[in-house]
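J.: Sharing a sequence plus its predicted fold:
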Amino acid sequence: MNAPRMLVIAIALISCGRSAPEATVAPEPAPEVASEEAPFETQTFVSTANNDGTRGSTEAPVAAAATEGFVVLTADAARELADAAVSDQLDRKKTWKLSPVLPSTWPATAPEVVVFFYPMAANPGSLTHYQLFTPAFRVTVGLDDGATEVHAMGKRRQLGTIEDTRPTSLERRELELAEAALIEQLIGSTRGTGENPYWGYLKYIHEHPKLGHDLERRAPAFLGWVRKKVGK
């Protein structure tokens, strides 16, 4: 082997010997910070309002079946129908207060609720107090077909002076639960709204004694049943 050829081979071996160690110690690419946060970016948050650990595929069909054949499923819907039924008979010079929904009879003989319309006249010398009178109208609402029946009440008498204040969020919530429990019972639903869902009726009577005492005279059987059920 001649000298020039040996020199070329030696140079090539030296070059290979240097490149191999450089390749093995080269640092690995640093992991991107975004890859650690990727699981949070791809998460989907789903409401768990209907997941209480006991509800499954068996309860939804029961609730749906219970509402078949009924067009009025909430207290607000019943009040709207009642209000529409007497809208052309209400004296617009007065302020009107609607009662909570109550059963038309108790024990219930039909899926019906009633709403009472209480007129309030302005109280001289006060912008927040009104003179409350016995109801002028009693409107029955059928939960099955939404039909309404208006009954004009007799001669009205004054119940006293009240302050028309906005109910607290807790009071509204408790009354909503109570009214929902009544409607569910009238349409045959078994979902339930709480251990003592009817408590809201008694809360309403306590917070509005003048109107509440009049309601107890007009629905004594139902509200008496509520007191026994709640234990008050």
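T.: Received it, and whenever you're ready, just let me know what you need. Numbers count the residues shown, from 1 in each chain.

J.: Check what contacts stretch 218-232 and list those residues.
T.: 102-103, 105-107, 116, 135, 196, 198-199, 201-202, 205, 215-216 (CB atoms under 8 Å, 6 or more residues apart in numbering). Heads up, the C-betas are built off the backbone N, CA and C, glycines and all.

J.: Return the set of buried residues in the longest strand seen in the chain.
T.: Determined from DSSP state E, the single longest strand within the chain is strand 112-122. By neighbour count on 16 or more other CB atoms under 10 Å, the buried set for strand 112-122 is Glu112, Val113, Val114, Val115, Phe116, Phe117, Tyr118, Pro119, Met120.

J.: Show the buried residues in the contacts of stretch 218-232.
T.: Buried among the contacts of stretch 218-232 by 16+ other CB under 10 Å: Leu102, Pro103, Trp106, Phe116, Pro135, Asn196, Tyr198, Trp199, Tyr201, Leu202, Ile205, Leu215.

J.: Just name the shakiest helix or strand of the chain by mean pLDDT.
T.: Sorting the helices and strands of the chain by mean pLDDT, DSSP states H and E puts helix 33-41 at the bottom, at a mean of 36.

J.: Which residue ranges of the chain form helices?
T.: Assigned by DSSP state H, the chain shows helices spanning 3-24, 33-41, 59-67, 75-86, 169-187, 199-207, 209-218, 220-230.

J.: weakest of the ones you listed by average pLDDT?
T.: The stretch with the lowest mean pLDDT among those is helix 33-41, at a mean of 36.

J.: Going by neighbour count, which residues of stretch 78-89 are buried?
T.: Neighbour counts over stretch 78-89 (16+ other CB under 10 Å) mark Ala78, Arg79, Leu81, Ala82, Asp83, Ala85, Val86 as buried.

J.: Quickly check those residues for the two that are furthest apart.
T.: Spanning the widest gap among these are Ala78 and Val86, at 13.2 Å by CB to CB.

J.: From Phe70, how far out is the closest residue to Asp91 other than its chain neighbours?
T.: Nearest residue to Asp91, sequence neighbours excluded (CB to CB, 6 or more residues apart in numbering): Pro119, at 6.8 Å. Between Pro119 and Phe70 the distance is 31 Å, computed by CB to CB, to the nearest Å.

J.: same thing with Pro135?
T.: Per CB to CB, Pro135 is found 26 Å from Phe70.

J.: And Thr168, by the same measure?
T.: Remark: distance between Thr168 and Phe70 (CB to CB) = 31 Å.

J.: More neighbours: which of those two?
T.: Phe70 (18 against 10; other CB atoms under 10 Å).

J.: Pretty sure that one sits against Asp144.
T.: Yes: between Phe70 and Asp144 there is a contact under CB atoms under 8 Å: 5.4 Å.

J.: Need the residues touching each of those two.
T.: By CB under 8 Å, 6+ apart, the residues touching both Phe70 and Asp144 are Pro111.

J.: burial count for Ala77?
T.: Residues contacting Ala77 under the criterion other CB under 10 Å number 16.

J.: How about Asp164?
T.: 13.

J.: Next one: it, what pLDDT does it get?
T.: Per-residue confidence (pLDDT) for Asp164: 80.

J.: What is the burial count for Asn123?
T.: Residues contacting Asn123 under the criterion other CB under 10 Å number 16.

J.: Check the one 10 residues further on too.
T.: Residues within reach of Phe133, counting by other CB under 10 Å, total 19.

J.: What of Val71?
T.: When counting by other CB under 10 Å, one arrives at 13 neighbours for Val71.

J.: how close does it get to Thr140?
T.: 15 Å.

J.: ok, now Met120?
T.: In this view, Met120 and Thr140 are 22 Å apart by CB to CB.
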